[in-house]
Structures are given as structure tokens and as C-alpha cells.
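Trainee: Next input, structure requested:
(chains A and B)
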Amino acid sequence: MCVNFFAAFFAAVRKSALVKTTLAIVPSVAREITGLFISQLRRGRDQGVQDMKKAAVRAVPAVLAGLLAVAPALALDSQYNFQTPVTKVADDILGLHMSMFWICVAIFVAVFGVMFYSIWAHRKSKGAVAATFHESTAVEIAWTIIPVIILVVMAWPATKLVLAQKDTSAPDITIKATGYQWKWSYDYVQGEGQGISFYSTLSTPRAQIDRGEWKGDNYLLEVDNPVYVPVGKKVRVLLTAQDVIHAWWVPAFGVKQDAIPGVVRDTWFRAEKEGVYRGNCVELCGKDHGFMPIVVHVVSPEAYAAWVAGKMKPAAAPAVAAAS
Amino acid sequence: MSAVTSDAHGHDHHDHDHDHHMPTGWRRWMTATNHKDIGTLYLIFSFIMFLSGGVMALTIRAELFQPGLQIVHPEFFNQLTTMHGLVMVFGAIMPAFVGFANWMLPLMIGAPDMAFARMNNWSFWLLPPAAILLVGSFFVPGGASAAGWTLYAPLSLQMGMGMDMAIFAVHIMGASSIMGAINIVVTILNMRAPGMTLMKMPMFAWTWLITAYLLIAVMPVLAGAVTMLLTDRHFGTTFFNAAGGGDPVLYQHVFWFFGHPEVYIMILPAFGIVSQIIPAFARKPLFGYASMVYATASIAILSFVVWAHHMFTTGMPAVAQLSFMYMTMLIAVPTGVKVFNWIATMWKGSMTFETPMLFAVGFVFVFTMGGFTGLMLAIAPVDIQYQDTYFVVAHFHYVLVAGSLFALFAGTYYWLPKWTGHMYDEKLGKRHFWFSMISFNITFFPMHFLGLAGMPRRIPDYNQFFTDFNQIATIGAFGFGLSQVFFLYIVLKTYRGGPKAADKPWDGAEGLEWTVPSPAPFHTFEVPPKFEAPAGHGH
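Mentor: Numbers count the residues shown, from 1 in each chain, chains lettered A, B, ... in the order given. Take a look at the predicted model:
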């Protein structure tokens, strides 16, 4: 797939260097522009024109370097594109996204190639004399039919993917997630771990948010009680909410579903790689909308069994204590 | 902005102006029934709202400059995003296009004024109270509405009285829009110069005619949606409360049944403006006039059957997702036809690039980029990843800022000589274009990356992973804001003086508006003009 090809091709480009270059360039270009703007306000017009020419000359290499730095990064994941997918659905989404992207790039180049050629060639200053044609049935029919064909080509894989996303049948584990202002709760309602139930709240200290303290790598993407699921198992997630609409999103799974009060909706994922995956609430839900993340630990079946056993114990302990 | 002269100098037909009592001072504006004065009022109002919404946007961008909360609290941040959206959509973009319609439609179709001059006054003067309600809601207990410009229930049911003020403001602005739209429909259908058949109208008149029908169709739907919110909030109904038998998703269906045609309400007149300007500076008739009209009508009709593509993550059945996806993709066809027609108009023309043309070409270029992301967003299974991220924010700013706003700038520079009687400073105008174009892209292009990498929209704070692009966007945003202050300076400078503008300052321009003097006298076309169709309009 073209994604992998480009990822490999540009693997040599170190991401940090890339970002630094971009960051170093843009403020300097912006400074040129704003500086020029201020000077234009202060001084006479002619001086401003000279400044503009100077600034343009200075800015050109910076802009070019910036474009060169950004362009290859389009195909890398992380900062410029979707997170690395760990489910088949997310992988298919990425594939469809990239093929849409390249189709759009191709159309873009074709259409604006024509436009910029025309801008270059058909200008009065070059002595161009205007033609008088103003319609052509053949051409107009062609550029109506061809886009329809391109759209049909796009719609076919999209349709298959919609049907795959909607197939929540025969899950191994079912988890009900409930959105609250502003936290999530999870109830394991079917499969291994049935009966487990807990709240999951942001664990980033307020001092990091409000008072500028040093921020950890998972700033705003960490919770006290993460969700655990076994690798390779089909997990169905039932979504609802207690107060307002929230939305449950884990980008690496390609899963996003609104959690709507009074309504139960569902989605599913089958994570194929162990790891910790993070997401956010993505439906505006009030004051702390930005502070109710989702964290899912995908673990081996053995580790999952151990986690289930550990979770069951504290639930059983008070009952034993009460009996004695 | 209109330097209106009371004597219609150099006009063939006899001068009526001395017969009319023309009020002066504040009465001239409060009691205005002249389409040019009302157009000016609309344009001034929309620019003030544009600057207000811009200040809100810059506050948002300042907060997002780095991770952590520095400048505003999350509640206030949500109020800012909400009011930025409402103010820009209902206060800036829509009234600006109505201002253009008021100023230019009678001049373009050879009518003496709008059909309902007093209703015209009323539809304008409803807007300032609505704006005061919106902006004033920041200062009431609980602050302004913080439910997002879409005012989704049930979140909007939790707000304080700022929400009621926003609802009332939406009602008033809706009434104003409906009246304005009726006025435009009646004016276009009844008051065209003899000989100007529908298929010989200027494209701006066509796009506004279709837009006006969209407004009449959907503004009542929005009024219904917010009225249901109001009764849910205060009168015990449960339209959007599942516990009472209602459905929160119903609100979204009703809202977006308004909201998607609304998108085209804000872009079709822009298509019209660009379709006037590109032929003028290519010195070549508009390519495919008839297909342009049919494309506009197709877009308008399709806009009624695509609304749920804003709701792909609500959990619709697969059949609904697929049908809304197919219909949405279909909109790419007529939109593509328009872009191809503009480029075919430029092809083999004899082009010059004065500021209006720069903005028009810039519009085609950048709007089409927004169109591409729109097509990507239409693909339902992929939209699952894009929905409610910065990718969407990037998309709709490409179509609304680089689309609608750039077309408004193009139109302003194009007709400013007619409005003021002076030529604007071409060098400054071009500079305004380049400042806007560059800073716009610095602001919004990185947002594509932010959204893809996983940054949700409407959050006041983010993981430091997203810092780089947020900083670039913030720097660009301040540059873009400053560029618009520069625009104000250029317009004021033109209003106050400058080289005298000819009646027809653009040698390639077509249309009746260029047959009247510059500045356009207070009364024009009291006797219907003789209309001859320019080449390319009809057959």
C-alpha cells in the first residue's frame, strides 16, 4: 500500500528535526510579514514597497525550505496523519483516507495545472487576445460524467467499510460505556470479566493544567482506571450517557460513537496489537469537555485474566467482610 | 461607505431627485428606504460583527498557543467558540451578502429600488438588536451560551439566560433573513429591465434568487428547532429529553435540515460574485452560463437531502449512512462543473490581475481545497475518524473564509468604485490579498494535520504533542486579523478620496451597473434601461 511505501521512503527523515525546522521557519516568515505590515503603517508608501521586496526575497528560501520539510511528512504517521491503526477497520479507514487523498491530489494537480498555465499564458501583458467561445456541450458533458465515474469508484470500498463497521454481531466481550459530565464509567456486561464496573477519570494533576507545572507525556490523556481488553478478541462497546451527549473515540481503533442520554448505540473493535491506546471525548459536553480522556490497555489473554481476577477481588472483599 | 450625491449628474432621463425629500443626519439611516443606503448599513454592520467575531477567534487562538490554561477558563472558552460561530455566520457572512444584494441587484437588473423598500428598512434594523442580544449575553449571569454554534440539546438545555438571549437573537435574525429573502425574490422576478429574461440575468442575480428560496425554506426550520429548545428549557416540554419520550438526536436532525442548506446560503452568492468578476478580468464571457445556472439549482436541491452527513457518528443505521454518503458525494458533481466553468472562462482570455481578480482566483483555488476535504468528509466510514476534530475546523474555514469571505473581498474591490466614486489604491489592495492569502493558509492548513493526528475541536487545552501546529496556527491567525484591519484602512481611504472612478472602471466588465455614474446616484433607473444581453448569456 502506498502508505507503507511512503512511510518507509521517508523513514530517514527524523521527525524532531522536521518539526524544529518548520517551527523555526514559520515564526521568522511571520515576523517578516508583521514587521513589514507595521513599517507600512508607519512610513510612506514607497518605503513600504521596498520593504516588501526585501522581505519577499528574504522569505522565499524560508518558505521553500518549509514546504520541503513539510511535504514528505504528509505520508508519515503521528504528527501529520492518523495514528498507526491496530484494528482492521482502522487500517481500512487509513487506506481509504490515503487513496482519497491521492485522488484529490491528482485532480488538484490536473485542474490547477490548467488554471495556473492559463494564468501564466493567457494574460493581457503577454499580448493575449481573448477568445470568444462560451460553451461546449461535449466538454460540459465530459466534465459531468467523468466525476460521476470517479465518485462511483470511491463509493464502492466506502460502502464495504460501512457495512464492516456496522457489524457488531457475535462479540467476545461486551462493555457498556456511559458518559458523564465529565468522566466515563464502564460496565463489563458480557464475556470474560462480566460484572466488572468502574469509573474512569482524568488523572492529570490540576497543577499541570492551571499552573504551568511540567507536563508528562500523557498530559490530558491519562486516567485513574483504564479499560482493559484482551488482544485479538472482538469487543462490542455499548454507548450511552447520563446527562448530555458525549462521544467515545479511540483513533487507533478507528472507532468513534456518540454517547447519547436515553439511547443505547453500539460499535466494535478487535485490537490486533498489545499496547496502550488513548483517545478523547469528541462531542462538546460542557466545561470539562477537554478533560475526559479514554485509555484502553490491550493486553495478552493471560494478563487480561489476571486483571479480571484482580478486579473481581475487591468487589468480593466487602461482601466477605460483611458476612463475617 | 456610499458617497451618495443627491444630483444624478449626467443622466439621460429627467432628474427626479429634487422632488424627493432626502432626510439627512441620523434620520437618513434610521428611516432609510433606499436600497443603496440599506446596502451600506448591511455592509457596515457585517464588518463590525466580523471584527467582533475576529476578536473572539483571536482570544481562542491565544489560549491555544500552548498547552495548559493561561488566558481563559474552559467555560469562557466554550462561550467564545459558540459566539464566534454564531456571530460570524449570522452577523458577518449572511448580512454581508444581503448588503451586496441590496446594493447591486437593483443596479444589475435595472430596477429603481428593492420591491419592498420599507420592509427592507425593517429587515436591516432588526439586526442590531439581535447583535446586542448576542454580544450582551456575555455580560449576564452564567455568561453567553456555551453549547457550540449548533446549540445541541441536551447541553443547550443546561445553559443560563445567555442561551435564551441567543435563541431570541436567532429568531430575530431569522425573521430578518426571511424578509430580506422575500424582498430579493420579488425584486428579481418582477422588476428586471425589459428584455432581461431569466436566462439573461447576471449570474449574481441567479445565485441570489436561488439562495433566497433556500432562506425562505430553512430559516423557519431553525426557528422551530430553537423554539423547541426554548419550550424544553422553560415550559416543561420534552422534545429532546428521552426521559419524557423525546430524542436528543431529533434536535440534530432538525438543526442540520436547516444547517446544510445554510452552508449553501453562505456560498452560492459567493459563486455569483466570482462569476461576475472572472469574465470581467479575463475579458471573455462566462463559460457555460446555462450549466452554471443548472449547477447552482442542483446544489440547492441536493442540499436538502444531505443533512445527516453531519451526524455520521450518532449511530445511524447502515442504510441511512450509505444514502447520505452517496447524496453528499453527488454534490461534488455540480460544484466541479462550476470550478471547471470558471477555469474555462479564464482559458484563452486576456487576463489582468487587479485585486478583485486576485481574490476571485484565490477563491477558486482555496475554496476548491475546502471542496476536496469536503469530499473526504463525505465518505462516511472515514468521516468516523474526521468527525469533531480539527480536520473539520480546517475544512469549513477553507470554504467559509477562503470561500465566502474572499468572494466578499473580491466583490468589495470590484464594486467599490461604483459605491464611492473613487478608485481604491491598487498596490494596497494587492498587498491585502497576499497578506490574507498567506496568513489564512498559515492559520488553517496546519489544522488538517492537527485533526488527523487526533486533536478534537472545541477543547481549551491539549497534549503537548499538538503544540507545534497550534503555535503556527495562532501566529497565522493574528496575521490574518491584522490584514483585515488593513482592509478597513483601504476602504476608508477610498471612501475619503482617491482618483475619480470612471462609470465603468473595468474595461472587461459587463452589466447595467456600469451604465450609471460613479458614485451611483441616490436614485437610479427611474426609467427602465434598455437591456442588451452580453454574449454568453442565453441564446
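Trainee: Show me the helices in the stretch 151-300 of chain B, by range?
Mentor: Assigned by DSSP state H, counting those that start in this stretch, the stretch 151-300 of chain B shows helices spanning B:161-190, B:203-234, B:248-265, B:268-282, B:289-302.
Trainee: Now that residue B:341 has come up, it's in contact with residue B:285, right?
Mentor: No. Contact criterion CB atoms under 8 Å: residue B:341 and residue B:285 do not qualify, at 11.1 Å. The C-beta positions use only the backbone N, C-alpha and C, and glycine is treated the same way.
Trainee: So which of the two has more stuff around it?
Mentor: When neighbours are counted by other CB atoms under 10 Å in any protein chain shown, residue B:341 comes out ahead of the other of residue B:341 and residue B:285, with 26 against 22.
Trainee: For that one, which non-adjacent residue is closest in space?
Mentor: Using CB to CB, 6 or more residues apart in numbering or on different chains and skipping the chain neighbours, the partner closest in space to residue B:341 is residue B:288 (4.4 Å).
Trainee: Test my guess that the one you found contacts residue A:140.
Mentor: Yes. The pair residue B:288 / residue A:140 is scored as a contact, 5.6 Å apart, by CB under 8 Å.
Trainee: quick one: contacts for residue B:58?
Mentor: Residues near residue B:58 by CB atoms under 8 Å, 6 or more residues apart in numbering or on different chains: B:477, B:478, B:481.
Trainee: so which of these also contact chain A?
Mentor: Counting by CB under 8 Å from any CB of the partner chain, residue B:478 from those sit close to chain A.
Trainee: Tell me the one of the contacts of residue B:58 nearest residue A:241?
Mentor: residue B:477 (33.1 Å; CB to CB).
Trainee: Stretch B:398-410 vs chain A: in contact?
Mentor: No. Stretch B:398-410 does not reach chain A (CB under 8 Å from any CB); its nearest approach is 12.7 Å.
Trainee: distance between that stretch and the chain's centre?
Mentor: A distance of 8 Å separates the centroid of the chain from that of stretch B:398-410, by CA atoms, centre = their mean, to the nearest Å.
Trainee: from memory residue B:32 sits against residue B:42, does it?
Mentor: No. Residue B:32 is beyond contact range of residue B:42, at 10.5 Å (criterion: CB under 8 Å).
Trainee: Next, show the common contact partners of the two.
Mentor: What both residue B:32 and residue B:42 touch, as defined by CB under 8 Å, 6+ apart, is the set residue B:124.
Trainee: Can you give me every residue that contacts the closest residue to chain B within the stretch 151-300 of chain A?
Mentor: Closest residue of the stretch 151-300 of chain A to chain B, CB to the nearest CB: residue A:262 (2.0 Å). Residue A:262 sits next to A:240, B:241, B:242, B:243, B:247, B:248 when contact means CB under 8 Å, 6+ apart.
Trainee: my read: residue A:205 touches residue A:213, true?
Mentor: Yes. Between residue A:205 and residue A:213 there is a contact under CB under 8 Å: 7.3 Å.
Trainee: Tell me the secondary structure at the closest residue to chain A within the stretch 351-500 of chain B.
Mentor: Closest to chain A within the stretch 351-500 of chain B is residue B:459: 3.3 Å, counting by CB to the nearest CB. Under DSSP: H, G, I helix; E, B strand; the rest coil, the three-state class of residue B:459 is coil.
Trainee: Could you measure from it over to residue A:290?
Mentor: Distance, residue B:459 to residue A:290, using CB to CB, to the nearest Å: 3 Å.
Trainee: Kindly report the same for residue A:153.
Mentor: 39 Å.
Trainee: neighbour-wise, which of those two wins?
Mentor: Neighbours were counted for residue A:153 and for residue A:290 using other CB under 10 Å; residue A:290 has more, 24 against 11.
Trainee: mind listing what that one touches?
Mentor: Contacts of residue A:290 (CB under 8 Å, 6+ apart): A:220, A:280, B:74, B:456, B:458, B:459, B:460, B:461, B:462.
Trainee: Kindly reformat those as a markdown table containing distance to residue B:191, neighbour count and pLDDT.
Mentor: Converted to a markdown table, these look like this (distance: CB to CB, whole Å; neighbours: other CB atoms under 10 Å in any protein chain shown; pLDDT from 0 to 100):
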| residue | distance to residue B:191 | neighbour count | pLDDT |
| --- | --- | --- | --- |
| A:220 | 59 | 25 | 96 |
| A:280 | 54 | 25 | 95 |
| B:74 | 52 | 21 | 96 |
| B:456 | 49 | 24 | 97 |
| B:458 | 45 | 21 | 96 |
| B:459 | 50 | 23 | 96 |
| B:460 | 51 | 26 | 96 |
| B:461 | 55 | 22 | 96 |
| B:462 | 54 | 23 | 96 |
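Trainee: mind putting those in TSV, distance to residue B:128 included?
Mentor: Converted to TSV, the contacts of residue A:290 look like this (distance: CB to CB, whole Å):
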residue	distance to residue B:128
A:220	41
A:280	39
B:74	31
B:456	35
B:458	29
B:459	33
B:460	31
B:461	36
B:462	37
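Trainee: what about the stretch 351-500 of chain B, any weak spots by pLDDT?
Mentor: Along the stretch 351-500 of chain B, the model assigns pLDDT under 70 to no residue.
Trainee: what about residue B:26, how many residues close to it?
Mentor: So residue B:26, with other CB under 10 Å, has 8 neighbours.
Trainee: Please, which helix or strand holds it?
Mentor: helix B:25-30 (DSSP states H and E).
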